[in-house]
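**Q** What follows is a protein structure lacking sequence information:
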């Protein structure tokens, strides 16, 4: 007779928890201590592998959001956008762990990175591909509803679903800007700001990409609203 603690799922592992989450495989994806050039390789791999998982989840949700918007399902899209944004928060939290990597210790890790660079991150590249698609599907949703951004933000109660979606897109863009900034500052903290990265790119070049925004119209509408309200002079 099978007990409640006995595994019933297929695969390796002593428990169903291990079999479902494939912990044997997951926990073997990091270098073994005897294979490490420096003990902080585990810290470095954990930070970046965890980030890739959170970005994978965020992009999975974004893909569904794009499909939902194409079908006019705005509120379900809002729910998943919030989840995707929350996943980016965890990417930033993982990145913060780089504070625990001392500058000289990093150089022991760096010898093992080859030409590896954050620019090669599958999650980062996927975000870069999906975000413009998300923007286009949002614009199409506005057109189907027959509402402009100005009208949406001046009369948000008339279209609460689209307004909440627009704010989720701003959340997404803002989180990406904040994450890039955090990543740059932690890179500077670990290796310096006037040095060359692993692919021959000066660290200072990263600063030019900090303020990349996928939904510029959503940022610009705020300038227009402030000018319209007359509460602050616009900068020339």
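**A** Looks like it came in fine. A quick note: this is a predicted structure, and the numbers were derived from the prediction, not measured.
**Q** which one is residue 45 nearest to, not counting chain neighbours?
**A** residue 30 (4.8 Å; C-beta to C-beta, 6 or more residues apart in numbering). (Each C-beta comes from the backbone N, C-alpha and C, glycine too.)
**Q** Low-confidence stretches in this protein?
**A** Along the chain, segments meeting pLDDT under 70 span 1-2, 197-206, 231-236.
**Q** where does residue 108 land in three-state SS?
**A** helix (DSSP: H, G, I helix; E, B strand; the rest coil).
**Q** hang on, residue 81 packs against residue 167?
**A** No: in this structure, residue 81 is not within contact of residue 167 by C-beta atoms under 8 Å, at 9.2 Å.
**Q** Please say which of the two ends up with more neighbours.
**A** In this view residue 81 and residue 167 are compared by other C-beta atoms under 10 Å, and residue 81 has more residues nearby, 26 against 16.
**Q** Can you tell me, leaving aside adjacent residues, what's nearest to the more buried one?
**A** residue 168 (3.7 Å).
**Q** Return the residues in contact with that neighbour.
**A** 78, 81, 82, 85 (C-beta atoms under 8 Å, 6 or more residues apart in numbering).
**Q** The residue most central in space within the chain - nearest residue in space that isn't next to it in sequence?
**A** In the chain, the residue lying closest to the centroid (C-alpha atoms, centre = their mean) is residue 88, at 3.8 Å. Closest residue to residue 88 apart from its sequence neighbours, by C-beta to C-beta, 6+ apart: residue 175 at 4.2 Å.
**Q** if we can go back for a sec, the residue nearest to residue 81 and residue 88, how far apart?
**A** 12 Å (C-beta to C-beta, to the nearest Å).
**Q** again with residue 65
**A** Counting by C-beta to C-beta, the gap from residue 65 to residue 88 is 14 Å.
**Q** now do residue 103
**A** 27 Å.
**Q** Also residue 82?
**A** Taken as C-beta to C-beta, the span from residue 82 to residue 88 is 11 Å.
**Q** can you check residue 59 too?
**A** For residue 59 relative to residue 88 (C-beta to C-beta), the value is 10 Å.
**Q** just checking, what's the longest helix in this structure?
**A** For the chain, the helix with the greatest residue count under DSSP state H is helix 160-191.
**Q** on that earlier part again, I'd guessed the residue nearest to the centre of the chain sits against residue 54; true?
**A** Yes: counting by C-beta under 8 Å, residue 88 touches residue 54, with 7.3 Å between them.
**Q** Tell me which stretches of the chain form strands.
**A** For the chain, strands defined by DSSP state E do not occur.
**Q** where along it do the helices fall?
**A** 16-21, 23-26, 41-70, 74-96, 103-110, 122-145, 149-154, 160-191, 203-206, 216-229.
**Q** And the longest one, how far out from the chain middle?
**A** Going back to what we said before, that points to helix 160-191. Centre-to-centre, helix 160-191 and its host chain are 8 Å apart (C-alpha atoms, centre = their mean, to the nearest Å).
**Q** how many degrees apart are that helix and helix 103-110 in direction?
**A** Here the directions of helix 160-191 and helix 103-110 differ by 100 degrees (axes from the mean of the first three to the mean of the last three C-alpha atoms, to 10 degrees).
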